[in-house]
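S.K.: can't give you the sequence, but here's the structure:
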Ligand code: B4P
């Protein structure tokens, strides 16, 4: 059983690797980005509120994602483990998660930081934007997302390092090499 948090710049491969690992471990892959994109597509009240923030490359307000995570982590399939991809995204979200895990008698085993240089992810995401039409994968918005990452998400590396649970994996390798390195890092 694993309970893992994935950190990394936008486009580091969090979604890609979290999906593979969750499948191999038989635990849910919980991506706040995927949940929000589905809400936008279905024009739910959550999606209507989130769309403008996402299109601009900003974080959606904490209150929207916090409620969503509180409910999702208490669904039956999440009792045996989970991979959180894209959450927490800032220090207040990390503080909320710590408190929630205490309330539900769970703890996170590892936080994985997928390390990839900015210019590599800009290229990856521009390519994905051209292939998928994802509205936040344009070069200007990607660079803004990287700035938001530096200001709001990067401090979580120190937050989890202080708690002794952080492992860093080089995400700038072929996908199967990243998967192998990741499995080795979380087995330690
Ligand atoms: P996310 O969906 O989390 O998007 P992301 O950070 O860009 O990462 P993503 O999962 O897409 O990329 P991946 O690395 O898998 O967030 C989108 C938006 O949602 C945010 O900007 C924000 O507005 C909102 N949001 C989400 N969570 C939030 C929260 N907690 N609080 C507030 N707002 C929130 O992959 C990128 C590409 O690289 C793919 O095309 C993939 O095929 C490719 N790739 C992966 N690994 C590779 C490798 N090893 N080599 C080459 N290419 C690779």
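M.R.: Cool, the structure landed. Since the model is a prediction, treat every value here as computed from it, not as a measurement.
S.K.: show the contacting residues for the residue lying closest to residue 181 once chain neighbours are set aside.
M.R.: In this structure, residue 181 finds its nearest non-sequential neighbour in residue 169, 5.0 Å apart by Cβ to Cβ, 6 or more residues apart in numbering. All C-beta atoms are positioned from the backbone trio N, CA, C, and that covers glycine. Each residue near residue 169 by Cβ atoms under 8 Å, 6 or more residues apart in numbering is listed here: 112-115, 178, 181-182, 185.
S.K.: can we see that at 10 Å?
M.R.: 6, 8, 12-13, 17, 112-116, 178-186 (Cβ atoms under 10 Å, 6 or more residues apart in numbering).
S.K.: now do residue 158
M.R.: Here residue 158 is in contact with 91, 166 (criterion: Cβ under 10 Å, 6+ apart).
S.K.: what's the answer for residue 156, then?
M.R.: Neighbour list for residue 156: 5, 7, 88-91, 93-94, 111, 113, 149, 166 [criterion: Cβ under 10 Å, 6+ apart].
S.K.: and this protein, which residues reach the ligand?
M.R.: Neighbours of the ligand within the chain, by Cβ under 6 Å from any ligand atom: 10-16, 32-33, 36, 53-54, 57-60, 65, 86-87, 89, 93, 124, 128, 136, 145, 171, 175, 178.
S.K.: what subset of those residues is buried?
M.R.: 10-16, 32-33, 36, 54, 57, 59-60, 65, 86-87, 89, 93, 124, 136, 145, 171, 178 (16 or more other Cβ atoms under 10 Å).
S.K.: and the residue of this structure nearest the ligand?
M.R.: Per Cβ to the nearest ligand atom, residue 33 is where the chain lies closest to the ligand, at 1.8 Å.
S.K.: so what pLDDT did the residue nearest to that residue when sequence neighbours are not counted get?
M.R.: Spatial nearest neighbour of residue 33, excluding adjacent residues (Cβ to Cβ, 6+ apart): residue 86 at 4.6 Å. Predicted confidence (pLDDT) for residue 86: 97.
S.K.: same thing with the one 10 residues further on?
M.R.: We have a pLDDT of 98 for residue 96.
S.K.: just say helix, strand or coil for it.
M.R.: Here residue 96 is recorded as helix under DSSP: H, G, I helix; E, B strand; the rest coil.
S.K.: I'd guessed it sits against residue 68; true?
M.R.: No - Residue 96 sits out of contact with residue 68 when judged by Cβ atoms under 10 Å, with a separation of 11.5 Å.
S.K.: now do the shared contacts for those two.
M.R.: Shared contacts of residue 96 and residue 68 (Cβ under 10 Å, 6+ apart): residue 87.
S.K.: right, and the helix or strand after the helix ranked longest in the chain?
M.R.: Looking across the chain with DSSP state H, the single longest helix is helix 118-132. The first helix or strand that comes after helix 118-132 along the chain, using DSSP states H and E, is helix 139-148.
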